[in-house]
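>>> following is a predicted model, sequence given first.
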Amino acid sequence: MGVILWLTAPSLAGLESTGWPVSSHWPRDVVTRIIDGDTIEVARLGKIRYIGVNTPELSHPKRGMEPLAAEACEINKRLVLGKTVALECDVQLRDRYGRRLAYIYVGTVFINAYLVETGYAQVITVPPNVKYTDLSLKLQRKAVQNRTGLWSENPPLLPKSGAFVSSIKSYILHKPDCPWAQAIIPSHRIWFKTMDDATNAGYRPCKVCNP
Ligand SMILES: [Zn+2]
């Protein structure tokens, strides 16, 4: 997979291509409405949920508007609203809520990956729809290391404590009392509440503390 270098500004002019062909067989449709950072409506097919990414929610049932939700929505709007997008599917056409799933392209720009790389979306891994998980995790690692968007140093959305901890530099997951965990400088710590959250984000267990 080629290296993907994209500007952080949401202007398509500066974005490089995916490095793989956008197939002429994928359906094209015009984006008529932005629902949030990872959900849109297109003219013929209706509501589309982006595969493999999760942006902060505009109205979370418990937390209300999550930090960066408005920004993620705005970025998505600037990227795709009114544009003709190509829709690539994975193994399942719809998720368990019945929403249609797709990878979205404007020209050759891969929108799902762009949102991850700029730190406006977190990777979510929902088998069997994992075609671009490796690529997305690679881009997310870059966003984490750069403390971009959701991963910024004082992230209001990320937990400040939890059952598991890692470093923005390592991608190794520890129990908080592991000597390796205690050696991580505080500003580099990333906390996870559950093992699922951590493994979905691509973190691997430490062989010393074996979380
Ligand atoms: Zn450890």
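Ah, there it is.
>>> leaving out chain neighbours, which residue sits closest to the residue in the chain sticking out farthest from the centre?
Computed with C-alpha atoms, centre = their mean, the residue of the chain farthest from its C-alpha average is Pro179, at 30.3 Å. Using C-beta to C-beta, 6 or more residues apart in numbering and skipping the chain neighbours, the partner closest in space to Pro179 is Val208 (7.2 Å). C-betas here are computed from N, CA, C, even on glycine.
>>> sorry, back to before: list phi and psi for the residue farthest from the centre of the chain.
Main-chain dihedrals, Pro179, degrees, to the nearest 10: phi -60, psi -30.
>>> hang on, the earlier thing: quick one, phi/psi of the residue nearest to Pro179?
Dihedral angles (degrees, to the nearest 10) for Val208: phi -80, psi -50.
>>> can I assume it is in contact with Ala181?
No. The pair Val208 / Ala181 is not scored as a contact, 9.4 Å apart, by C-beta atoms under 8 Å.
>>> what does the model give the residue farthest from the centre of the chain for pLDDT?
The score at Pro179 is 96. That number is its pLDDT.
>>> could you do Thr118 as well?
Thr118 is given a pLDDT of 91.
>>> likewise Ile185?
91.
>>> cool, and Val91?
The predicted local confidence for Val91 is 94.
>>> that's a strand at it, yeah?
No. Counting by DSSP: H, G, I helix; E, B strand; the rest coil, Val91 is not found in a strand; it is coil.
>>> and it, its phi and psi?
Dihedral angles of Val91 (phi, psi; degrees, to the nearest 10) stand at phi -70, psi -50.
>>> how many other residues sit next to it?
The number of residues packed near Val91 is 11, by other C-beta atoms under 10 Å.
>>> tell me the buried residues in the helix-or-strand element of the chain with minimal mean pLDDT?
The helix or strand of the chain with the poorest confidence is helix 195-200; it has a mean of 84 (mean pLDDT, DSSP states H and E). With burial defined by 16 or more other C-beta atoms under 10 Å, the residues of helix 195-200 counted as buried are Asp197, Ala198, Asn200.
>>> ok, now stretch 201-211?
Ala201, Gly202, Tyr203, Pro205, Cys206, Cys209, Pro211.
>>> repeat that for stretch 130-146.
So stretch 130-146, judged by 16+ other C-beta under 10 Å, has buried residues Tyr132, Thr133, Leu135, Ser136, Leu137, Lys138, Leu139, Gln140, Arg141, Lys142, Ala143, Val144.
>>> between Val208 and Ala181, which contacts overlap?
His174 (C-beta atoms under 8 Å, 6 or more residues apart in numbering).
>>> next, format the buried residues of helix 195-200 as CSV and append distance to the ion.
What follows is the buried residues of helix 195-200, written out as CSV (distance: C-beta to the ion, whole Å):
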residue, distance to the ion
Asp197, 17
Ala198, 12
Asn200, 19
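>>> would you format those as CSV with distance to Glu117 included?
Compiled in CSV, those are given as follows (distance: C-beta to C-beta, whole Å):
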residue, distance to Glu117
Asp197, 20
Ala198, 20
Asn200, 17
